[in-house]
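Chemist: pasted the sequence and its predicted model underneath.
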Amino acid sequence: MSALPEITLSSVPETAPSAGETKVHGSVSAIEQLEISPVGVYVQHYLRRLKNPTNDQTDHLKAHADHIAAEAAKAINDVSLDDQEDEEESEELLSLDPKEWKKQDHYAVLGLSRLRYKATMDDIIKAHRKKVLRHHPDKKAAQGHLNDDRFFKCIKKAFDILTNPEKRRQWDSVDPEVSTDIPSAKEKGDFFEIYGPVFEREARFSKTQPVPPLGNIDSSREDVEAFYEFWYNINSWRTFEYLDKEEVEGSNRDDKRYMEMKNRKDRTTRKNKDNQRLRTLVDNAIKADPRMQKFKEEDKKKRNARKNAREEEERKMKEAKKAEEEAAKKAAEAAAAIEENEKKLRQDAHKMFKKEQRALKLLFKKANYFAESDSDVAAGVAKLDKILAVKKDTDSLVAVREQIEAAQAAGNVSAVVDEIVSQL
(Lines give C-alpha, C1' and ligand atoms only; values in the text may rest on other atoms or scores of the structure.)
Protein backbone atom coordinates (compact mmCIF):
# COMPACT_ATOMS: atom_id res chain seq x y z
CA MET A 1 0.00 0.00 0.00
CA SER A 2 1.52 3.30 -1.10
CA ALA A 3 1.88 6.15 1.37
CA LEU A 4 -0.89 8.70 1.38
CA PRO A 5 0.06 12.12 0.05
CA GLU A 6 0.42 14.94 2.53
CA ILE A 7 -2.12 17.73 2.30
CA THR A 8 -1.02 21.23 3.27
CA LEU A 9 -3.82 23.52 4.40
CA SER A 10 -3.73 27.22 3.83
CA SER A 11 -3.22 29.60 6.73
CA VAL A 12 -6.17 30.71 8.81
CA PRO A 13 -7.65 34.04 7.62
CA GLU A 14 -7.21 36.98 9.97
CA THR A 15 -10.98 37.44 10.10
CA ALA A 16 -11.53 33.88 11.34
CA PRO A 17 -12.73 33.46 14.99
CA SER A 18 -10.29 32.35 17.64
CA ALA A 19 -9.85 28.66 18.56
CA GLY A 20 -11.99 29.04 21.65
CA GLU A 21 -14.92 30.23 19.55
CA THR A 22 -14.85 27.42 16.93
CA LYS A 23 -17.29 24.49 16.93
CA VAL A 24 -16.88 20.98 15.58
CA HIS A 25 -19.73 20.13 13.19
CA GLY A 26 -18.46 16.73 11.94
CA SER A 27 -15.44 14.49 11.47
CA VAL A 28 -13.68 12.88 8.52
CA SER A 29 -14.44 9.18 8.11
CA ALA A 30 -11.68 6.61 8.28
CA ILE A 31 -9.80 5.81 5.07
CA GLU A 32 -10.98 2.65 3.32
CA GLN A 33 -9.15 0.87 0.50
CA LEU A 34 -11.23 -0.36 -2.48
CA GLU A 35 -10.27 -2.56 -5.39
CA ILE A 36 -11.66 -1.58 -8.84
CA SER A 37 -11.95 -4.17 -11.62
CA PRO A 38 -11.38 -3.03 -15.22
CA VAL A 39 -14.72 -3.96 -16.94
CA GLY A 40 -17.12 -2.47 -19.48
CA VAL A 41 -17.21 -1.91 -23.22
CA TYR A 42 -14.75 0.94 -23.09
CA VAL A 43 -12.09 -1.14 -21.26
CA GLN A 44 -12.70 -3.91 -23.80
CA HIS A 45 -12.25 -1.43 -26.57
CA TYR A 46 -9.00 -0.19 -24.98
CA LEU A 47 -7.66 -3.73 -24.65
CA ARG A 48 -8.54 -4.50 -28.27
CA ARG A 49 -6.65 -1.43 -29.38
CA LEU A 50 -3.62 -2.53 -27.32
CA LYS A 51 -3.67 -5.90 -29.06
CA ASN A 52 -4.43 -4.45 -32.51
CA PRO A 53 -3.15 -0.88 -32.79
CA THR A 54 -4.30 -0.68 -36.45
CA ASN A 55 -8.00 -0.43 -35.54
CA ASP A 56 -9.40 2.96 -36.39
CA GLN A 57 -12.10 5.02 -34.82
CA THR A 58 -14.89 2.82 -36.28
CA ASP A 59 -14.06 0.19 -33.67
CA HIS A 60 -14.68 2.76 -30.94
CA LEU A 61 -18.01 3.78 -32.46
CA LYS A 62 -19.06 0.15 -32.77
CA ALA A 63 -18.29 -0.49 -29.12
CA HIS A 64 -20.25 2.58 -28.14
CA ALA A 65 -23.16 1.59 -30.37
CA ASP A 66 -23.21 -1.92 -28.97
CA HIS A 67 -23.49 -0.49 -25.50
CA ILE A 68 -26.30 1.90 -26.42
CA ALA A 69 -28.16 -0.81 -28.34
CA ALA A 70 -27.99 -3.16 -25.37
CA GLU A 71 -29.32 -0.46 -23.07
CA ALA A 72 -32.08 0.38 -25.55
CA ALA A 73 -33.07 -3.26 -25.93
CA LYS A 74 -33.32 -3.54 -22.18
CA ALA A 75 -35.24 -0.29 -21.75
CA ILE A 76 -37.74 -0.90 -24.55
CA ASN A 77 -39.10 -3.89 -22.69
CA ASP A 78 -40.17 -1.57 -19.90
CA VAL A 79 -42.16 0.75 -22.17
CA SER A 80 -45.95 0.21 -22.31
CA LEU A 81 -48.65 1.88 -24.39
CA ASP A 82 -51.50 0.27 -22.52
CA ASP A 83 -50.77 -3.04 -24.18
CA GLN A 84 -51.73 -1.70 -27.61
CA GLU A 85 -50.35 -3.50 -30.61
CA ASP A 86 -47.62 -1.58 -32.39
CA GLU A 87 -48.54 -0.09 -35.73
CA GLU A 88 -46.75 -1.48 -38.73
CA GLU A 89 -43.96 0.72 -40.04
CA SER A 90 -44.07 0.61 -43.82
CA GLU A 91 -41.09 1.21 -46.06
CA GLU A 92 -42.71 4.41 -47.23
CA LEU A 93 -43.01 5.63 -43.65
CA LEU A 94 -39.42 4.76 -42.76
CA SER A 95 -38.11 6.47 -45.88
CA LEU A 96 -39.67 9.84 -45.11
CA ASP A 97 -37.51 12.86 -45.83
CA PRO A 98 -37.22 15.03 -42.69
CA LYS A 99 -36.84 18.07 -44.93
CA GLU A 100 -40.38 17.44 -46.16
CA TRP A 101 -41.74 17.37 -42.62
CA LYS A 102 -44.91 19.27 -43.56
CA LYS A 103 -45.96 16.37 -45.76
CA GLN A 104 -45.46 13.69 -43.13
CA ASP A 105 -48.25 12.20 -41.01
CA HIS A 106 -47.05 13.07 -37.51
CA TYR A 107 -49.43 10.65 -35.85
CA ALA A 108 -48.32 7.80 -38.11
CA VAL A 109 -44.67 8.61 -37.40
CA LEU A 110 -45.29 8.12 -33.68
CA GLY A 111 -47.55 5.11 -34.24
CA LEU A 112 -50.74 6.93 -33.18
CA SER A 113 -52.74 6.62 -36.39
CA ARG A 114 -55.61 4.93 -34.61
CA LEU A 115 -55.97 7.69 -32.02
CA ARG A 116 -54.95 10.78 -33.98
CA TYR A 117 -56.56 13.91 -32.44
CA LYS A 118 -57.93 11.79 -29.59
CA ALA A 119 -54.39 10.94 -28.40
CA THR A 120 -53.59 12.35 -24.98
CA MET A 121 -50.30 13.94 -24.03
CA ASP A 122 -49.43 10.79 -22.09
CA ASP A 123 -50.06 8.71 -25.23
CA ILE A 124 -47.76 10.97 -27.25
CA ILE A 125 -44.94 10.86 -24.69
CA LYS A 126 -45.09 7.08 -24.38
CA ALA A 127 -45.21 6.57 -28.13
CA HIS A 128 -42.31 8.97 -28.62
CA ARG A 129 -40.19 7.18 -26.02
CA LYS A 130 -40.85 3.88 -27.68
CA LYS A 131 -40.01 5.18 -31.13
CA VAL A 132 -36.83 6.86 -29.89
CA LEU A 133 -35.58 3.67 -28.29
CA ARG A 134 -36.35 1.76 -31.44
CA HIS A 135 -34.91 4.19 -33.99
CA HIS A 136 -32.09 5.89 -32.09
CA PRO A 137 -29.16 6.64 -34.44
CA ASP A 138 -26.76 4.78 -32.14
CA LYS A 139 -28.84 1.64 -32.53
CA LYS A 140 -28.89 2.15 -36.29
CA ALA A 141 -25.13 2.51 -36.20
CA ALA A 142 -24.85 -0.80 -34.36
CA GLN A 143 -26.77 -2.33 -37.26
CA GLY A 144 -24.33 -0.89 -39.77
CA HIS A 145 -26.30 2.24 -40.72
CA LEU A 146 -23.96 4.91 -39.47
CA ASN A 147 -25.66 7.89 -41.08
CA ASP A 148 -29.27 6.65 -41.02
CA ASP A 149 -30.97 9.20 -38.77
CA ARG A 150 -33.64 10.49 -41.18
CA PHE A 151 -36.60 8.76 -39.54
CA PHE A 152 -35.28 9.72 -36.12
CA LYS A 153 -35.44 13.36 -37.20
CA CYS A 154 -39.03 12.78 -38.39
CA ILE A 155 -39.84 11.36 -34.96
CA LYS A 156 -38.34 14.39 -33.26
CA LYS A 157 -40.28 16.77 -35.52
CA ALA A 158 -43.55 14.91 -34.94
CA PHE A 159 -42.97 15.01 -31.19
CA ASP A 160 -42.12 18.73 -31.27
CA ILE A 161 -45.37 19.49 -33.13
CA LEU A 162 -47.71 17.23 -31.19
CA THR A 163 -46.45 18.40 -27.79
CA ASN A 164 -46.84 22.06 -28.71
CA PRO A 165 -50.55 22.95 -28.22
CA GLU A 166 -50.56 25.67 -30.87
CA LYS A 167 -48.66 23.64 -33.48
CA ARG A 168 -50.75 20.55 -32.78
CA ARG A 169 -53.92 22.54 -33.36
CA GLN A 170 -52.52 23.75 -36.64
CA TRP A 171 -51.76 20.16 -37.67
CA ASP A 172 -55.08 18.79 -36.41
CA SER A 173 -56.88 21.49 -38.37
CA VAL A 174 -55.59 20.14 -41.68
CA ASP A 175 -54.97 16.46 -40.81
CA PRO A 176 -55.62 14.80 -44.20
CA GLU A 177 -56.44 11.46 -42.57
CA VAL A 178 -59.45 12.93 -40.74
CA SER A 179 -62.38 13.31 -43.11
CA THR A 180 -64.05 16.67 -43.63
CA ASP A 181 -66.90 15.19 -45.69
CA ILE A 182 -70.45 15.94 -44.61
CA PRO A 183 -73.53 13.82 -45.30
CA SER A 184 -76.15 15.02 -47.74
CA ALA A 185 -79.66 15.83 -46.57
CA LYS A 186 -81.00 12.92 -48.67
CA GLU A 187 -78.60 10.27 -47.39
CA LYS A 188 -80.37 7.04 -46.51
CA GLY A 189 -79.97 5.37 -43.13
CA ASP A 190 -80.27 6.05 -39.43
CA PHE A 191 -79.91 9.78 -38.84
CA PHE A 192 -78.07 9.47 -35.53
CA GLU A 193 -75.60 6.87 -36.86
CA ILE A 194 -74.85 9.06 -39.88
CA TYR A 195 -74.60 12.49 -38.26
CA GLY A 196 -73.52 11.58 -34.71
CA PRO A 197 -69.87 10.76 -35.59
CA VAL A 198 -69.65 13.80 -37.88
CA PHE A 199 -70.73 16.27 -35.19
CA GLU A 200 -68.46 14.51 -32.68
CA ARG A 201 -65.56 14.92 -35.10
CA GLU A 202 -66.28 18.60 -35.69
CA ALA A 203 -66.92 19.33 -31.99
CA ARG A 204 -63.17 19.18 -31.26
CA PHE A 205 -62.75 22.52 -33.06
CA SER A 206 -65.15 24.38 -30.75
CA LYS A 207 -63.65 26.90 -28.34
CA THR A 208 -66.69 26.34 -26.11
CA GLN A 209 -66.60 23.01 -24.34
CA PRO A 210 -68.44 20.81 -23.69
CA VAL A 211 -70.42 20.86 -26.93
CA PRO A 212 -74.14 20.04 -26.66
CA PRO A 213 -74.78 16.41 -27.68
CA LEU A 214 -76.83 15.45 -30.74
CA GLY A 215 -79.15 13.51 -28.46
CA ASN A 216 -81.64 10.87 -29.58
CA ILE A 217 -85.12 10.56 -31.01
CA ASP A 218 -86.67 11.32 -27.61
CA SER A 219 -84.71 14.55 -27.00
CA SER A 220 -86.84 17.52 -26.00
CA ARG A 221 -87.57 20.34 -28.38
CA GLU A 222 -85.56 22.74 -26.19
CA ASP A 223 -82.45 20.51 -26.32
CA VAL A 224 -82.69 20.00 -30.08
CA GLU A 225 -83.13 23.71 -30.78
CA ALA A 226 -80.26 24.55 -28.40
CA PHE A 227 -78.05 22.04 -30.24
CA TYR A 228 -78.64 23.60 -33.66
CA GLU A 229 -78.44 27.12 -32.26
CA PHE A 230 -74.99 26.26 -30.87
CA TRP A 231 -73.78 24.89 -34.19
CA TYR A 232 -75.11 27.83 -36.19
CA ASN A 233 -73.05 30.13 -33.95
CA ILE A 234 -70.07 27.85 -33.24
CA ASN A 235 -66.82 29.63 -32.39
CA SER A 236 -64.22 27.43 -34.09
CA TRP A 237 -60.49 27.53 -33.36
CA ARG A 238 -59.70 25.67 -36.57
CA THR A 239 -56.77 27.36 -38.28
CA PHE A 240 -54.91 26.91 -41.54
CA GLU A 241 -51.42 28.27 -40.82
CA TYR A 242 -49.97 24.80 -41.33
CA LEU A 243 -50.69 25.13 -45.07
CA ASP A 244 -48.79 28.41 -45.37
CA LYS A 245 -46.23 28.44 -48.13
CA GLU A 246 -42.67 28.61 -46.87
CA GLU A 247 -40.39 31.46 -47.78
CA VAL A 248 -37.85 30.66 -50.48
CA GLU A 249 -34.31 30.84 -49.20
CA GLY A 250 -32.69 34.09 -50.23
CA SER A 251 -35.98 35.98 -50.59
CA ASN A 252 -35.82 39.73 -50.16
CA ARG A 253 -38.05 41.81 -47.93
CA ASP A 254 -40.64 42.49 -50.65
CA ASP A 255 -40.93 38.80 -51.45
CA LYS A 256 -41.40 37.98 -47.76
CA ARG A 257 -44.06 40.67 -47.41
CA TYR A 258 -45.89 39.36 -50.47
CA MET A 259 -45.70 35.79 -49.17
CA GLU A 260 -47.14 36.85 -45.80
CA MET A 261 -49.99 38.68 -47.52
CA LYS A 262 -50.68 35.69 -49.78
CA ASN A 263 -50.72 33.30 -46.82
CA ARG A 264 -53.14 35.53 -44.89
CA LYS A 265 -55.46 35.69 -47.88
CA ASP A 266 -55.32 31.92 -48.37
CA ARG A 267 -56.02 31.33 -44.66
CA THR A 268 -59.06 33.62 -44.81
CA THR A 269 -60.36 31.87 -47.92
CA ARG A 270 -59.95 28.43 -46.33
CA LYS A 271 -61.58 29.63 -43.11
CA ASN A 272 -64.59 31.00 -44.99
CA LYS A 273 -64.95 27.76 -46.92
CA ASP A 274 -64.79 25.78 -43.69
CA ASN A 275 -67.44 28.00 -42.08
CA GLN A 276 -69.66 27.45 -45.11
CA ARG A 277 -69.02 23.71 -44.86
CA LEU A 278 -70.19 23.71 -41.23
CA ARG A 279 -73.22 25.79 -42.18
CA THR A 280 -74.10 23.25 -44.87
CA LEU A 281 -73.63 20.43 -42.36
CA VAL A 282 -76.13 22.02 -39.97
CA ASP A 283 -78.58 22.80 -42.79
CA ASN A 284 -78.45 19.21 -44.04
CA ALA A 285 -78.82 17.83 -40.51
CA ILE A 286 -81.91 19.95 -39.87
CA LYS A 287 -83.47 18.75 -43.13
CA ALA A 288 -82.73 15.10 -42.30
CA ASP A 289 -83.44 15.22 -38.55
CA PRO A 290 -86.64 13.23 -37.86
CA ARG A 291 -87.16 15.27 -34.69
CA MET A 292 -87.26 18.52 -36.65
CA GLN A 293 -89.76 16.95 -39.03
CA LYS A 294 -91.85 15.93 -36.03
CA PHE A 295 -91.62 19.45 -34.61
CA LYS A 296 -92.69 20.88 -37.99
CA GLU A 297 -95.70 18.58 -38.06
CA GLU A 298 -96.61 19.66 -34.54
CA ASP A 299 -96.21 23.32 -35.50
CA LYS A 300 -98.30 22.72 -38.62
CA LYS A 301 -101.05 21.14 -36.55
CA LYS A 302 -100.95 24.06 -34.12
CA ARG A 303 -101.05 26.53 -37.00
CA ASN A 304 -103.91 24.61 -38.57
CA ALA A 305 -105.71 24.49 -35.24
CA ARG A 306 -105.30 28.25 -34.84
CA LYS A 307 -106.29 28.71 -38.47
CA ASN A 308 -109.32 26.46 -38.05
CA ALA A 309 -110.31 28.28 -34.88
CA ARG A 310 -109.88 31.62 -36.64
CA GLU A 311 -111.84 30.38 -39.66
CA GLU A 312 -114.56 29.00 -37.37
CA GLU A 313 -114.76 32.35 -35.61
CA GLU A 314 -114.92 34.14 -38.93
CA ARG A 315 -117.59 31.70 -40.15
CA LYS A 316 -119.67 32.31 -37.05
CA MET A 317 -119.24 36.07 -37.44
CA LYS A 318 -120.26 35.82 -41.10
CA GLU A 319 -123.26 33.68 -40.24
CA ALA A 320 -124.26 36.10 -37.48
CA LYS A 321 -123.85 39.02 -39.86
CA LYS A 322 -125.78 37.20 -42.55
CA ALA A 323 -128.53 36.35 -40.10
CA GLU A 324 -128.59 39.94 -38.96
CA GLU A 325 -128.73 41.14 -42.56
CA GLU A 326 -131.47 38.64 -43.38
CA ALA A 327 -133.42 39.72 -40.32
CA ALA A 328 -132.99 43.34 -41.30
CA LYS A 329 -134.00 42.50 -44.85
CA LYS A 330 -137.10 40.68 -43.65
CA ALA A 331 -137.93 43.54 -41.34
CA ALA A 332 -137.48 45.96 -44.21
CA GLU A 333 -139.61 43.79 -46.48
CA ALA A 334 -142.23 43.52 -43.81
CA ALA A 335 -142.16 47.27 -43.28
CA ALA A 336 -142.32 47.78 -47.02
CA ALA A 337 -145.22 45.35 -47.25
CA ILE A 338 -146.99 47.15 -44.44
CA GLU A 339 -146.25 50.45 -46.07
CA GLU A 340 -147.49 49.13 -49.39
CA ASN A 341 -150.62 47.78 -47.76
CA GLU A 342 -151.20 51.04 -45.93
CA LYS A 343 -150.59 52.88 -49.16
CA LYS A 344 -153.07 50.68 -50.89
CA LEU A 345 -155.51 51.20 -48.08
CA ARG A 346 -154.98 54.94 -48.31
CA GLN A 347 -155.45 54.76 -52.04
CA ASP A 348 -158.58 52.68 -51.63
CA ALA A 349 -159.81 55.05 -48.94
CA HIS A 350 -159.06 58.01 -51.22
CA LYS A 351 -160.87 56.32 -54.04
CA MET A 352 -163.82 55.66 -51.78
CA PHE A 353 -163.66 59.26 -50.59
CA LYS A 354 -163.63 60.54 -54.17
CA LYS A 355 -166.38 58.09 -55.04
CA GLU A 356 -168.48 59.36 -52.17
CA GLN A 357 -167.79 62.95 -53.21
CA ARG A 358 -168.88 62.14 -56.74
CA ALA A 359 -171.89 60.29 -55.41
CA LEU A 360 -172.86 63.25 -53.21
CA LYS A 361 -172.32 65.70 -56.10
CA LEU A 362 -174.41 63.49 -58.38
CA LEU A 363 -177.10 63.28 -55.70
CA PHE A 364 -177.21 67.07 -55.46
CA LYS A 365 -177.10 67.49 -59.24
CA LYS A 366 -179.93 65.07 -59.91
CA ALA A 367 -182.02 66.84 -57.28
CA ASN A 368 -181.13 70.21 -58.91
CA TYR A 369 -179.23 71.01 -55.76
CA PHE A 370 -182.49 70.76 -53.85
CA ALA A 371 -183.55 74.20 -55.20
CA GLU A 372 -187.19 75.11 -55.62
CA SER A 373 -186.34 77.60 -58.38
CA ASP A 374 -183.37 78.32 -60.65
CA SER A 375 -182.39 81.20 -58.45
CA ASP A 376 -181.87 78.81 -55.54
CA VAL A 377 -179.43 76.58 -57.46
CA ALA A 378 -176.48 78.73 -56.56
CA ALA A 379 -177.41 78.44 -52.91
CA GLY A 380 -177.63 74.64 -53.30
CA VAL A 381 -174.16 74.52 -54.93
CA ALA A 382 -172.78 76.59 -52.05
CA LYS A 383 -174.26 74.15 -49.57
CA LEU A 384 -172.66 71.21 -51.42
CA ASP A 385 -169.26 72.93 -51.54
CA LYS A 386 -169.43 73.64 -47.80
CA ILE A 387 -170.26 70.01 -47.03
CA LEU A 388 -167.39 68.79 -49.23
CA ALA A 389 -164.97 71.29 -47.68
CA VAL A 390 -165.80 70.18 -44.12
CA LYS A 391 -166.33 66.47 -44.55
CA LYS A 392 -162.85 65.10 -45.31
CA ASP A 393 -163.37 61.43 -44.62
CA THR A 394 -165.35 58.79 -46.40
CA ASP A 395 -167.46 57.72 -43.45
CA SER A 396 -168.79 61.22 -42.82
CA LEU A 397 -169.61 61.65 -46.51
CA VAL A 398 -171.35 58.27 -46.52
CA ALA A 399 -173.32 59.33 -43.46
CA VAL A 400 -174.29 62.66 -45.11
CA ARG A 401 -175.22 60.92 -48.35
CA GLU A 402 -177.31 58.29 -46.61
CA GLN A 403 -178.98 60.95 -44.44
CA ILE A 404 -179.86 63.06 -47.51
CA GLU A 405 -181.12 59.99 -49.41
CA ALA A 406 -183.28 59.00 -46.47
CA ALA A 407 -184.66 62.58 -46.24
CA GLN A 408 -185.23 62.61 -49.97
CA ALA A 409 -187.31 59.51 -49.63
CA ALA A 410 -189.18 61.05 -46.71
CA GLY A 411 -189.85 64.29 -48.63
CA ASN A 412 -188.08 66.64 -46.29
CA VAL A 413 -184.67 66.81 -47.96
CA SER A 414 -184.38 70.61 -48.04
CA ALA A 415 -184.84 70.84 -44.33
CA VAL A 416 -182.32 68.02 -43.69
CA VAL A 417 -179.71 69.62 -45.99
CA ASP A 418 -180.12 72.92 -44.26
CA GLU A 419 -179.77 71.20 -40.87
CA ILE A 420 -176.61 69.39 -42.01
CA VAL A 421 -175.05 72.63 -43.30
CA SER A 422 -176.01 74.42 -40.12
CA GLN A 423 -174.21 71.79 -38.03
CA LEU A 424 -170.95 72.16 -39.94
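Modeler: Received it, and whenever you're ready, just let me know what you need. Model, not experiment: these values are computed from the prediction.

Chemist: now for the chain, the helix or strand with the poorest mean pLDDT.
Modeler: Every helix and strand of the chain was ranked by mean pLDDT, DSSP states H and E. The lowest is helix 57-76, at a mean of 49.

Chemist: got the contact list for the very next helix or strand once past that helix?
Modeler: Sequence order places helix 91-94 as the next helix or strand after helix 57-76, per DSSP states H and E. For helix 91-94, the surrounding residues in contact (CB atoms under 8 Å, 6 or more residues apart in numbering) are 108-109, 151. All C-beta atoms are positioned from the backbone trio N, CA, C, and that covers glycine.

Chemist: mind redoing it with 10 Å?
Modeler: 87, 104-105, 108-109, 111, 113, 135, 148, 150-151, 154 (CB atoms under 10 Å, 6 or more residues apart in numbering).

Chemist: same question, stretch 388-395
Modeler: Contacting residues not belonging to stretch 388-395 are listed as 348-357, 360-361, 364, 396-401, 420-421, 423-424 [CB under 10 Å, 6+ apart].

Chemist: element containing the closest residue in space to Leu110 that isn't next to it in sequence?
Modeler: Leaving aside its chain neighbours, Leu110 sits nearest to Ala127 (4.3 Å; criterion: CB to CB, 6 or more residues apart in numbering). Ala127 belongs to helix 121-135 when elements are defined using DSSP H and E.

Chemist: what helices or strands is that helix leaning on?
Modeler: helix 57-76, helix 106-109, helix 137-142, helix 150-162, helix 165-174 (3 or more CB pairs under 10 Å, 6 or more residues apart in numbering; DSSP states H and E).

Chemist: gap between that helix and the chain center?
Modeler: Here helix 121-135 is found 42 Å from its chain centre; the criterion is CA atoms, centre = their mean, to the nearest Å.

Chemist: quick one on the thing from earlier: now go through the contacts of stretch 388-395 and say which are in helices.
Modeler: Residues of these located in helices (DSSP state H): 348-357, 360-361, 364, 396-401, 420-421.

Chemist: any of those buried? List them.
Modeler: Buried by 16 or more other CB atoms under 10 Å: 352-353, 356-357, 360-361, 364, 397-398, 400-401, 420, out of the ones in helices among the contacts of stretch 388-395.

Chemist: re earlier: now do the same for the residue nearest to Leu110: its pLDDT.
Modeler: The score at Ala127 is 94. That number is its pLDDT.

Chemist: ok, it - contacts?
Modeler: Listed by CB under 10 Å, 6+ apart, the contact set of Ala127 reads 79, 81, 84, 86-87, 107, 109-112, 115, 119, 155, 158-159, 162.

Chemist: Ser95 versus that one, what's the distance?
Modeler: Applying CB to CB, to the nearest Å, the value for Ala127 to Ser95 is 20 Å.

Chemist: same question for Ser375.
Modeler: For Ser375 relative to Ser95 (CB to CB), the value is 164 Å.

Chemist: cool, Asp254 as well?
Modeler: Asp254 sits 38 Å away from Ser95, going by CB to CB.

Chemist: likewise Glu419?
Modeler: From Glu419 over to Ser95 the distance is 156 Å, taken as CB to CB.

Chemist: for the nearest residue to Arg291 once chain neighbours are set aside, which three-state class applies?
Modeler: Residue nearest to Arg291 in three dimensions, not counting chain neighbours: Val224, with 5.2 Å by CB to CB, 6+ apart. Secondary structure state of Val224, per DSSP: H, G, I helix; E, B strand; the rest coil, is helix.

Chemist: can you pull the pLDDT of Val224?
Modeler: pLDDT, Val224: 95.

Chemist: that one touches Gln293, doesn't it?
Modeler: No. Val224 is not in contact with Gln293 according to CB atoms under 10 Å; the separation is 11.3 Å.

Chemist: intersection of neighbour lists for these two?
Modeler: Counting by CB under 10 Å, 6+ apart, the residues touching both Val224 and Gln293 are Ile286.

Chemist: what about this structure, any weak spots by pLDDT?
Modeler: By pLDDT under 70, the low-scoring segments of the chain are 1-27, 37-49, 51-85, 141-147, 250, 374.
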